[in-house]
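J.: I would like to see how this sequence folds:
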Amino acid sequence: MIGRKHLQWTLALGVFALVASGCGREGLPELGYVEGTVKMDGEPLEGVVVRCRPVEGGRAGVGKTDENGWYELEYVGGYEGSVLGPVSISIETEWPEGEAPDGVTEPIPARYNRNSELLETVEAGNNEFNFDLTSN
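T.: You can find the predicted model right below:
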């Protein structure tokens, strides 16, 4: 005969296994894993935000570069990647207060963020998008 404690642990482990196996992905679009590096004039850019917005609309995948300029995108709540298909990339400084301090302008040219010229296509599986920006 199965004891009450044993049954509770079995049920708890079963629920955990279902959640861990991806049942929580319901409602999410298909995603492609996206990582890469961001450099400015050949030097890694640390602490900048990379946004990968679907051209046809929807939630962006977002990542922040480390000291080596490396980033990986997160879609939502721990799910990595970006929506499949054509995406517009924006790369901009992350300001501590959400906006640049008075008198300080975005050091990354607008053609890489507000007026982004960066387009890529996210495919199923792994995607590596590396950006070597120029300051002029």
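J.: quick one: residue 86 and residue 119 touch, right?
T.: Yes: using CB atoms under 8 Å, residue 86 is in contact with residue 119, at 6.5 Å. Any C-beta I mention is one placed from the backbone N, CA and C, and that applies to glycine too.
J.: Need the overlap of contacts for the two.
T.: Both residue 86 and residue 119 are in contact with residue 55, where contact means CB atoms under 8 Å, 6 or more residues apart in numbering.
J.: Look at the two and report which has more neighbours.
T.: residue 86 (13 against 10; other CB atoms under 10 Å).
J.: Is the more buried one in a helix, a strand, or coil?
T.: Here residue 86 is recorded as strand under DSSP: H, G, I helix; E, B strand; the rest coil.
J.: try residue 68
T.: Under three-state DSSP, the three-state class of residue 68 is coil.
J.: cool, residue 95 as well?
T.: Going by three-state DSSP: residue 95 is coil.
J.: Kindly provide the distance from the closest residue to it other than its chain neighbours to residue 107.
T.: Leaving out its chain neighbours, the residue that sits closest to residue 95 by CB to CB, 6 or more residues apart in numbering is residue 101, at 7.3 Å. Separation of residue 101 from residue 107 (CB to CB, to the nearest Å): 13 Å.
J.: So for the two, which residue has more residues nearby?
T.: For residue 101 versus residue 107, neighbours defined as other CB under 10 Å are more numerous around residue 107 (12 against 8).
J.: The more buried one contacts residue 92, doesn't it?
T.: No: counting by CB under 8 Å, residue 92 is not a contact partner of residue 107; they are 9.5 Å apart.
J.: could you show me where the helices are in this protein, in order?
T.: Ranges of helices in the chain, per DSSP state H, are 4-20.
J.: now it, which segments are flagged as low pLDDT?
T.: Scanning the chain for pLDDT under 70 picks out the ranges 1-25.
J.: most centrally placed residue in the chain?
T.: residue 73 (1.9 Å; CA atoms, centre = their mean).
J.: Having no further points to raise, I will conclude here.
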